[in-house]
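# this is a predicted model, with the sequence first.
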Amino acid sequence: ETGVTQTPRHLVMGMTNKKSLKCEQHLGHNAMYWYKQSAKKPLELMFVYNFKEQTENNSVPSRFSPECPNSSHLFLHLHTLQPEDSALYLCASSQEAVTEQFFGPGTRLTVL
Amino acid sequence: AQSVSQHNHHVILSEAASLELGCNYSYGGTVNLFWYVQYPGQHLQLLLKYFSGDPLVKGIKGFEAEFIKSKFSFNLRKPSVQWSDTAEYFCAVNAPLDSNYQLIWGAGTKLIIKP
């Protein structure tokens, strides 16, 4: 399934690095999301974009910076991360905020 | 704050056993309800959803779920599981939060089917 793609699939970075995660959806959806998935915890919603406008920022630290240049692309810029930020970062999209979300395969991030 | 509770974090069953995974939510208004599944090494995918109408909804791969409004529940069922059902299952509820709708997730249930 290639509706939502994410790159890279794996990323290892040091605490002083700057990197970016990329998400692209090919479904013509209007809303896009970043989630953090950690073991034994519920999915944590980080950011929501609806029609390219950020509508949610769930108290995410400023070392995570989202960017949505158009309704098909979403980036997550990472800077000076902490080891506890190691997790699977999932991108999702939906037609509208109330409809089902379609997920990408995720980026497995390890912060050393 | 709204929350979604999945009662079992781990479930182990033998093939052909019946399955029921519990999901309860805390919001009292109109909700949209979802079950997602994540097979090992694969991305999250939708199993089934409830928006309105018949409270018994059928999804892919023989799964079904029943919405019981009075119990704030949306339990997932399958009459006879297969080894290939080994996966993690997530319940999610779309409910209003401030001026927007937000998908609120349960912690997931890891299901292991013994061949």
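Alright, I've got the coordinates.
# nearest spatial neighbour of A:M46, skipping sequence neighbours?
Spatial nearest neighbour of A:M46, chain neighbours left out: A:W34 (4.3 Å); criterion: C-beta to C-beta, 6 or more residues apart in numbering or on different chains. To be clear about C-beta, it is placed using only N, CA and C from the backbone, and glycine gets the same treatment.
# would you mind listing what in chain A touches chain B?
A:1, A:4, A:40-43, A:45, A:48, A:50, A:55-56, A:90, A:92, A:97-106 (C-beta under 8 Å from any C-beta of the partner chain).
# now with 6 Å?
Contacts of chain A with chain B, taken as C-beta under 6 Å from any C-beta of the partner chain, map to A:42-43, A:55, A:97-98, A:100, A:103, A:105.
# which ones among these map onto strands?
Cross-referencing the residues of chain A next to chain B against strands under DSSP state E gives A:55, A:103.
# one step back: could you list the residues in contact with the strand or helix carrying the residue nearest to A:M46?
Element membership of A:W34 [criterion: DSSP states H and E] is strand A:31-37. Strand A:31-37 has contacts (C-beta atoms under 6 Å, 6 or more residues apart in numbering or on different chains) with A:43-50, A:74, A:76, A:87-90, A:92-94, A:97.
# equivalent analysis for stretch A:65-72, please.
Outside stretch A:65-72, the residues touching it (C-beta under 6 Å, 6+ apart) are A:24-25, A:30, A:47, A:49, A:52, A:74-77.
# pull up the pairing partners for the lowest-mean-pLDDT helix or strand in chain B, direction included.
Lowest mean confidence among the helices and strands of chain B (mean pLDDT, DSSP states H and E): strand B:100-105, at a mean of 81. Sheet pairing here is set by DSSP bridges, and for strand B:100-105 it gives strand B:87-97 (antiparallel).
# residue boundaries of the strands in chain B?
B:4-5, B:10-14, B:19-21, B:24-25, B:32-38, B:45-50, B:56-58, B:64-68, B:73-78, B:87-97, B:100-105, B:109-114.
# if I average pLDDT within each of these, which one is lowest?
Of all the strands of chain B, mean pLDDT reaches its minimum on strand B:100-105 (a mean of 81).
# residues of chain B that sit close to chain A?
Residues of chain B lying near chain A (C-beta under 6 Å from any C-beta): B:32, B:43-44, B:46, B:49, B:94, B:100-101, B:105, B:107.
# of the residues you listed, closest to B:R77?
When the residues of chain B next to chain A are compared for distance to B:R77 (C-beta to C-beta), B:K49 wins out at 15.2 Å.
# OK, contacts around the residue nearest to B:S73 when sequence neighbours are not counted?
Nearest residue to B:S73, sequence neighbours excluded (C-beta to C-beta, 6+ apart): B:N24, at 5.2 Å. By C-beta under 6 Å, 6+ apart, the contact set of B:N24 is B:5, B:72-73.
# which of those are buried? Put it as a PyMOL command.
To isolate the buried members of the contacts of B:N24 in PyMOL, using 16 or more other C-beta atoms under 10 Å in any protein chain shown:
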select buried, chain B and resi 72+73
